[in-house]
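1. Pasting the sequence and the predicted coordinates here, then a few questions.
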Amino acid sequence: MGQVYTAREMIDKLISFDTVSRNSNLALIDFVADYLAGHGIAASRVFNVDKTKANLYATVGPDIEGGVVLSGHTDVVPVDGQPWVTDPFTVVEKDGKLYGRGTSDMKSFSAIALSQVPNMIEKGLKFPIHFALSYDEEIGCVGAPSMIEQLAESLPKPRAVIVGEPTMMNIVSAHKGIITLKTTVTGREAHSSLVEDGVSAVMTAARLITFIADMMAENKARSTSDSRFSPAYTTLHCGVVNGGTAANIISRQCTFLWDIRHIPEDDPMSFVTRFNDYCNTEVLPDLRKIAPEADIVSEISARVPALAAEIDGEAEMLCKAITGENKTSAVSYGAEAGQFQGAGFSTVICGPGSIGVAHQPNEYIEITQIVAAERFIVKLIDRLAA
């Protein structure tokens, strides 16, 4: 018999691994693989290119169709500069809450599910439970696709995927998609008193950022009050701008980072196309009259598909049956759920904790949420063992 952990003990263990996205997650993955092996369960790893990080998937129960995938990411956001009162990588219990980085987003879900492995084995599952743990979700959901591809090819088709992002155990059937871009503007340097001799990359970038804001304003103007999302429309936002040398030098280069968070029915590339057309037809021709070398280049650095609500979707119906809830909601953050859905899996988001404390200093999860999630997993096991 392998090692047995309570839900709290497994949460303590997973939080103890510093899996901030800039670091390797292999120590956590190796721990999970060894834990599963102790219970006779083989795990498969899907590495990144340089093998410093890995996804992990494993199956408990028979190798047949109709199982359920429990999905969670292993990475967490940084704690640098945040005023933590406690060690973020040591769980501290206080006033009915567990504090630590990843308690809410989203190691607790995976920990609770993993702690139930002995129960899954003892009950004798008639349909399998598949674990799917990913890396680098927090930097654009870049780790999961390689694992999802293997799952689609190698697993007998599951009936549902449950992504355990923090929803307070409410059922989320839709989320926005994300495209993150980096735009670089190249101009020509000159003395700031000779504005007609140079091309300001900074001022050109400001013009482009205004165009981005105008596109969002159009989306807001045509949005409807019956949308499930908040904000109810596709948003476009510039978060970082870097450029210029000094106040009296016309800037040669400026870069800015922006993102598009789109509702499922919008095509995000339509906004990218509009932006590029504006650059090429309205902006660059005038710049190149002064500086032929002037340029505007945009690169997509991350792309996460939206999760669209499914009509009578298997995953939604399963979670409703377990929770007794009849309603679902939509969220404006992105997740790996849309990637699973894109591969043909019926998918929802449902997990313990609040997104409102995710990425915050002194992140926590309420113990009542742990109890609720544990009850959910036990009911799932019972359904799949019946």
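-> Everything's here; your move.
2. for the stretch 151-300 of the chain, what spans make up the helices?
-> 201-221, 268-278, 284-290 (DSSP state H, counting those that start in this stretch).
3. just so I know, which of these lies nearest residue 378?
-> Among the helices of the stretch 151-300 of the chain, helix 268-278 comes nearest to residue 378, with 39.3 Å by Cβ to Cβ. Where C-beta positions appear, they are placed from N, C-alpha and C, glycine not excepted.
4. What's the mean pLDDT across the closest one?
-> In this model, helix 268-278 carries a mean pLDDT of 98.
5. and residue 2, how many neighbours does it have?
-> By other Cβ atoms under 10 Å, the residues close to residue 2 number 15.
6. Tell me the spatial nearest neighbour of it, not counting adjacent residues.
-> residue 38 (2.6 Å; Cβ to Cβ, 6 or more residues apart in numbering).
7. How many neighbouring residues does that neighbour have?
-> 13.
8. Quick one: residues contacting it.
-> 1, 2, 3 (Cβ atoms under 8 Å, 6 or more residues apart in numbering).
9. which stretches of the stretch 201-350 of the chain form strands?
-> Remark: strands assigned in the stretch 201-350 of the chain by DSSP state E, counting those that start in this stretch are 235-243, 249-250, 253-262, 295-304, 329-331, 347-349.
10. TSV please, covering these and showing mean neighbour count, mean pLDDT and distance to residue 149.
-> Output for those, formatted as TSV (neighbours: other Cβ atoms under 10 Å; pLDDT from 0 to 100; distance: least, Cβ to Cβ, whole Å):
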stretch	mean neighbour count	mean pLDDT	distance to residue 149
strand 235-243	16	97	29
strand 249-250	18	98	48
strand 253-262	21	98	23
strand 295-304	16	96	15
strand 329-331	20	95	25
strand 347-349	30	98	15
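11. Nearest to residue 373, out of the ones you listed?
-> Using Cβ to Cβ, these put strand 347-349 closest to residue 373, at 13.0 Å.
12. hmm, back to that, and residue 304, which of the helices of the stretch 151-300 of the chain is closest to it?
-> Using Cβ to Cβ, the nearest of those to residue 304 is helix 268-278, at 9.8 Å.
13. mind listing what's buried in that closest one?
-> Neighbour counts over helix 268-278 (16 or more other Cβ atoms under 10 Å) mark 268, 271, 275, 278 as buried.
14. on that earlier part again, out of the helices of the stretch 151-300 of the chain, which comes closest to residue 19?
-> helix 268-278 (28.9 Å).
15. So which elements touch that closest one?
-> strand 177-186, helix 201-221, strand 253-262, strand 295-304 (3 or more Cβ pairs under 8 Å, 6 or more residues apart in numbering; DSSP states H and E).
16. Also compute the angle for the longest one relative to strand 253-262, please.
-> Between helix 201-221 and strand 253-262, the angle formed by their directions is 10 degrees, by axes from the mean of the first three to the mean of the last three Cα atoms, to 10 degrees.
17. Helix 201-221 - contacts with which helices or strands?
-> Partner elements for helix 201-221 (3+ Cβ pairs under 8 Å, 6+ apart): strand 177-186, strand 235-243, strand 253-262, helix 268-278.
18. got a list of contacts for that helix?
-> Outside helix 201-221, the residues that reach it (Cβ under 8 Å, 6+ apart) are 183, 185-187, 231, 233-238, 241, 243-244, 251-256, 258, 266, 271, 274-275, 278-279, 283, 287, 296.
19. now whichever strand or helix holds residue 112: how far from the chain's centre is it?
-> Using DSSP states H and E, residue 112 falls within helix 107-115. Relative to the chain's own centre, helix 107-115 is displaced by 17 Å; criterion: Cα atoms, centre = their mean, to the nearest Å.
20. And for that helix, what's in contact with it?
-> Against helix 107-115 from outside (Cβ under 8 Å, 6+ apart): 5-7, 9-11, 13-15, 32, 35-36, 70, 72, 74, 76, 98, 102, 129, 131, 133, 164-166, 351-353, 365, 369-370, 373-374, 377.
21. Buried among the residues you listed? Need that as a selection in ChimeraX.
-> For the buried members of the contacts of helix 107-115, the matching ChimeraX selection, counting by 16+ other Cβ under 10 Å, is:
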select :5,7,10,11,13,14,15,32,35,36,70,72,74,76,98,102,129,131,133,164,165,166,351,352,353,365,369,370,373,374,377
